[in-house]
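Visitor: 3D, please:
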Amino acid sequence: MTISRRNLIIGMSAVGCAVRSTAAADLLRPTPQETFGPFFPVHTPQYHDFDMARIPGRTGRALGQVIEVSGRVLRTDGSIVKGARMEIWQANAAGRYAHPIDKNPAPLDPNFDGVALLQSSDDGRYRILTVKPGAYPYPGGGMRTPHIHFDVMSDDYRLVAQMYFPGETLNEKDALISTMRARSRDPALTICKRVESSDAGVLKYEWDIVLLRA
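Guide: Reported below is the predicted structural model:
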């Protein structure tokens, strides 16, 4: 059987396309970029601590359901990102930010400043202990569903994202997560996963963060 040069080239091109398609399919989808929001921290803490439910030097613990959120910081090719600089902020359990322009009448929590600074570990992992944030009235109208803000910086990329919780009824009406598909973003990539916890009274969630390369 004789194979013509033309058919050989066509066959090799088809194989090349198949390899590229398979490689593309193996890539992780990047976590969607999102807005900083109106309550980006004015002051970041001087301390670096994964435990947002306590303020160093105080004996009290923040009010609300204690949760643990952990995961990995990855690139789209699946490689880990170690030493990624992470700033994390959120509302307290009543839905109030410790921010001067937040006019929500919900009470502040003296044992919760809602901001953390940390870095991903050598194996790309991060972990925070905090309280589940409450929903709050959005300045533009409506209610914002519970969420946590992440500002993640690697050496070549910066991601500003918001992490949401599964099963929240407000997810379907939230001004940002409900409009993601219309903005060509996949909301499933922003929702954490509930996992089993061995710590009594602590709800545990996992959420991987995937960065693009610059």
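Visitor: From here on, just use CA atoms for contacts and neighbour counts.
Guide: Fine.
Visitor: Just grab the bridge partners of the residue positioned nearest the centre of the chain for me.
Guide: Closest to where the C-alpha atoms of the chain average out (Cα atoms, centre = their mean) is Met163, at 4.0 Å. Met163 forms beta bridges with Ile148, as assigned by DSSP bridges.
Visitor: I'd assumed His149 was in contact with it.
Guide: Yes - with contact defined as Cα atoms under 8 Å, Met163 reaches His149; the gap is 6.4 Å.
Visitor: wait, what's in contact with the residue nearest to the centre of the chain?
Guide: Shown in contact with Met163 (Cα atoms under 8 Å, 6 or more residues apart in numbering): 147-150, 190-192, 207.
Visitor: please redo it, this time with the cut-off set to 10 Å
Guide: Counting by Cα atoms under 10 Å, 6 or more residues apart in numbering, Met163 makes contact with 31, 146-150, 177, 187, 189-192, 207, 209.
Visitor: what's the answer for Pro100, then?
Guide: For Pro100, the contact set (Cα under 10 Å, 6+ apart) comprises 39, 41-42.
Visitor: all helices of the chain, in order?
Guide: Counting by DSSP state H, the chain has helices at residues 5-26.
Visitor: any low-confidence regions in it?
Guide: Counting by pLDDT under 70, the chain has low-confidence residues at 1-25, 46-48, 214.
Visitor: ok, 80 please
Guide: In the predicted model of the chain, residues 1-26, 37-38, 40-49, 139-140, 213-214 satisfy pLDDT under 80.
Visitor: Counting residues, name the longest strand you see in it.
Guide: Ranked by residue count and defined by DSSP state E, the top strand of the chain is strand 66-75.
Visitor: helices or strands next to that one in the packing?
Guide: Using 3 or more Cα pairs under 10 Å, 6 or more residues apart in numbering; DSSP states H and E, the elements in contact with strand 66-75 are strand 125-131, strand 193-195, strand 203-206, strand 209-211.
Visitor: Now do Arg85 against Ser120, distance only.
Guide: Per Cα to Cα, to the nearest Å, Arg85 is found 7 Å from Ser120.
Visitor: just to revisit the earlier point, which of the contacts of Pro100 are buried?
Guide: Taking 16 or more other Cα atoms under 10 Å as the criterion, what is buried in the contacts of Pro100 is 39, 41.
Visitor: I'd like to know which of the contacts of Pro100 is nearest to Ala200.
Guide: Pro41 (31.0 Å; Cα to Cα).
Visitor: Was I right to think the closest one contacts Glu87?
Guide: Yes - checked against Cα atoms under 10 Å, the pair Pro41 and Glu87 is within contact range at 9.3 Å.
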